[in-house]
Structure formats: C-alpha cells, structure tokens
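>>> Okay, sequence plus prediction incoming.
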Amino acid sequence: MDNYVLAALAATLGTWFVTALGAATVVFFKTPAPRLLNLMLGFASGVMIAASFWSLLQPAIERAEMYSSVPAYVVATLGFLAGALFMWCSDKIVTFARKSADSSRGSHGERINRIIMLVMSITLHNIPEGLAVGVAFGAIGLQNSDAESIMGAVTIAVGIGLQNFPEGAAVSVPLRREGFSRFKSFMIGQASGLVEPIAGVIGALTVVYVEAILPYALSFAAGAMILVAVHELIPECQRNQAKNPYSATMGIVSGFAVMMLLDVMLG
C-alpha cells in the first residue's frame with residue numbers, strides 16, 4: 001500500500017509542476033497591455049467554465065452513479081449549489097472583515113476581495129482533482145494490481161496535469177492584471193496547485209472513504225468556480241473595451257475551447 005501512496009504523491013507532484021508551468025506564462029507580460037490582459041482574463045474565464053463541467057461536474061455525476069446511493073443529479077446539484085453558496089458567503093465575510101479593519105481602502109479592498117476569491121476557487125478545484133488521482137492509485141493497492149489499472153491511474157494523472165497548465169495561467173494572469181509583479185503572480189499561481197499532492201496522499205490513504213464523498217467534492221468545486229468566473233472574472237475582462245470590444249469575448253471562447261479539447265481528448 002505504501003508504494004501506491006508514494007506513487008500518488010509523485011503523480012500529484014507532477015500535476016502541481018504543470019500548474020507551475022502554466023503560472024510561469026505570466027513572465028511574458030513585461031508591460032501589461034490592457035487589450036492583451038483582457039484577452040487573457042477572458043481566456044481564464046473560459047478555462048474555468050469549461051473545467052467546471054468536464055473536469056468536475058461530469059466526473060462527479062459518473063462517480064455518483066457508480067458509488068452513491070443518492071441519485072447522481074441530486075449529488076451534483078447539491079454539491080454545485082453548496083460550492084456557489086460557500087464562495088458567496090466567503091466573499092461576504094472577507095468584505096465585512098475588510099470594512100471593519102479599514103473602511104478607507106476603497107477600490108484596493110475590492111481588488112483584494114477579487115484576488116482572494118480567485119485563488120480560493122482554483123485551490124478548491126485542485127483539491128478534488130488531487131483526491132481523484134490519489135483514489136486512482138490507492139485503489140490499485142486494494143485490488144490485485146494489473147497493467148490496465150496502473151495505466152488507468154497514470155492516464156488520470158496525466159490528464160489532470162495537462163488540464164492544470166491553463167489553470168495555472170488562469171490564476172497568475174488575472175493577478176498580473178490586478179497589478180501584482182510577475183514574480184508574485186507566479187508564486188501565487190503555482191501555490192494554488194500545492195494542495196494537489198496533499199489531497200493525493202489523503203486520497204490514496206483513505207480511498208474507501210474518499211470515494212464516497214468525491215462526487216460531492218467535485219461538484220462543490222464546480223459551483224465555486226462558476227460563481228467566481230461569472231461574478232468576478234467575466235465582468236472584469238469586459239472593462240475598457242471600446243476600442244476592441246471582442247478581445248475578452250474571444251478570450252472566453254478560446255479558453256473554453258482549449259479546456260474542452262483537453263478534457264474530452266484525455267477522457
């Protein structure tokens with residue numbers, strides 16, 4: 001069993017590394033151009049919307065059908081609404097705490113709120129993905145391991161890893177838009193993926209128990225991501241578009257298409 005826990009750790013360290021590579025794309029933005037950043041912010045929005053379905057809701061429904069006694073549509077709906085409600089409550093709490101601490105921050109405080117919500121949503125999204133990889137490797141240890149089950153676990157890890165590349169950029173690029181330095185944007189972007197190795201080990205160690213709650217966790221993360229994308233990122237990328245009204249829109253379409261392609265192609 002220990003060997004499969006170590007394998008899950010190695011696999012999720014790999015998925016985190018790809019997240020870091022995606023976050024590193026921010027180094028190419030020497031001087032943030034509004035049009036380009038609107039495009040990239042739209043791209044991040046499209047990535048999050050596509051990931052919320054193909055990476056989270058669809059696997060949640062499939063796992064609920066296999067492992068849950070509760071109807072899959074109930075699991076997905078409850079988890080999705082709980083995730084959105086959690087992010088809404090978090091936003092209210094952060095806003096209240098900020099206003100109580102310093103009512104004079106103004107737009108700076110709003111910027112902090114936006115950053116916190118963005119990082120929280122991507123981090124929440126990475127937790128069930130790490131659990132999914134850990135469960136895949138841990139399940140090998142519970143059964144008679146064969147080449148097919150091992151390749152299945154590896155495929156899941158590779159698929160999630162490749163999906164993490166645009167997700168890393170989905171964090172670091174908006175942070176750059178908010179005025180963070182390239183280094184800080186990269187560090188926060190890659191840090192959002194550090195929860196995957198932790199979740200992967202937990203998933204491998206507690207595979208029997210995690211399998212039951214994973215559909216809820218996946219749909220929960222989907223609800224969180226949709227709320228942030230619709231409430232924060234899409235309105236933000238639509239600002240100052242008088243000269244180039246379709247920059248952000250094409251970014252959203254491109255991000256959605258890239259994430260959909262990766263998810264569907266990699267299964």
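Received, thanks.
>>> which regions of the stretch 51-200 of the chain sit below the pLDDT cut-off?
94, 97-112, 141-149, 152 (pLDDT under 70).
>>> Please enumerate the helices of it.
58-67, 72-101, 107-142, 147-177, 182-191, 195-205 (DSSP state H, counting those that start in this stretch).
>>> Which strands or helices does the last one pack on?
Meaning helix 195-205. Contact partners of helix 195-205 among helices and strands, from 3 or more CB pairs under 8 Å, 6 or more residues apart in numbering; DSSP states H and E: helix 2-23, helix 107-142. C-beta here means a position set from N, CA and C on the backbone, and glycine is covered the same way.
>>> For the last one, buried residues please.
Taking 16 or more other CB atoms under 10 Å as the neighbour-count basis, helix 107-142 is seen to contain the buried residues 109, 113-115, 117-141.
>>> about what we covered before: can the helices and strands packed on helix 195-205 go into JSON lines with extra columns for distance to Asp263?
Below are those laid out as JSON lines (distance: least, CB to CB, whole Å):
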{"stretch": "helix 2-23", "distance to Asp263": "14"}
{"stretch": "helix 107-142", "distance to Asp263": "12"}
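>>> between those helices, which gets nearest to Leu194?
helix 2-23 (5.9 Å; CB to CB).
>>> Can you name every helix or strand that that closest one contacts?
Helix 2-23 sits against helix 107-142, helix 147-177, helix 182-191, helix 195-205, with contacts defined as 3+ CB pairs under 8 Å, 6+ apart.
>>> Would you mind giving these as TSV with distance to Ala217 added?
Conversion of the helices and strands packed on helix 2-23 to TSV gives the following (distance: least, CB to CB, whole Å):
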stretch	distance to Ala217
helix 107-142	4
helix 147-177	14
helix 182-191	20
helix 195-205	9
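>>> who wins for proximity to Arg35 among the ones you listed?
Between Arg35 and the helices and strands packed on helix 2-23, the shortest gap by CB to CB is with helix 147-177, which sits at 11.7 Å.
>>> Could you check how far the closest one is from the centre of its chain?
On the basis of CA atoms, centre = their mean, to the nearest Å, helix 147-177 sits 9 Å off its chain's mean C-alpha point.
>>> re the thing from before, looking at the helices of the stretch 51-200 of the chain, which is closest to Met40?
helix 147-177 (4.3 Å).
>>> Which other helices and strands does the closest one contact?
Contacts defined by 3+ CB pairs under 8 Å, 6+ apart place helix 147-177 against helix 2-23, helix 34-51, helix 107-142, helix 182-191, helix 247-266.
>>> Out of those helices, flag the one nearest Tyr209.
Among the helices and strands packed on helix 147-177, helix 107-142 comes nearest to Tyr209, with 9.9 Å by CB to CB.
>>> the inter-axis angle of the closest one versus helix 58-67?
With axes from the mean of the first three to the mean of the last three CA atoms, to 10 degrees as the basis, helix 107-142 and helix 58-67 are set at 40 degrees to each other.
>>> Which strands and helices lie in contact with helix 107-142?
By 3+ CB pairs under 8 Å, 6+ apart, helix 107-142 packs against helix 2-23, helix 34-51, helix 72-101, helix 147-177, helix 195-205, helix 207-228.
>>> Please repeat the previous calculation with a cut-off of 6 Å.
When contacts are defined as 3 or more CB pairs under 6 Å, 6 or more residues apart in numbering; DSSP states H and E, helix 107-142 packs onto helix 2-23, helix 72-101, helix 147-177, helix 195-205, helix 207-228.
>>> for the helices and strands packed on helix 195-205, which one sits closest to Ala157?
For these, the distance to Ala157 is smallest for helix 2-23, at 3.9 Å, taking CB to CB.
>>> What about His46, how many residues nearby?
Heads up, residue 46 is Gly, not His. 29 (other CB atoms under 10 Å).
>>> I'm done for today, thanks for sticking with me.
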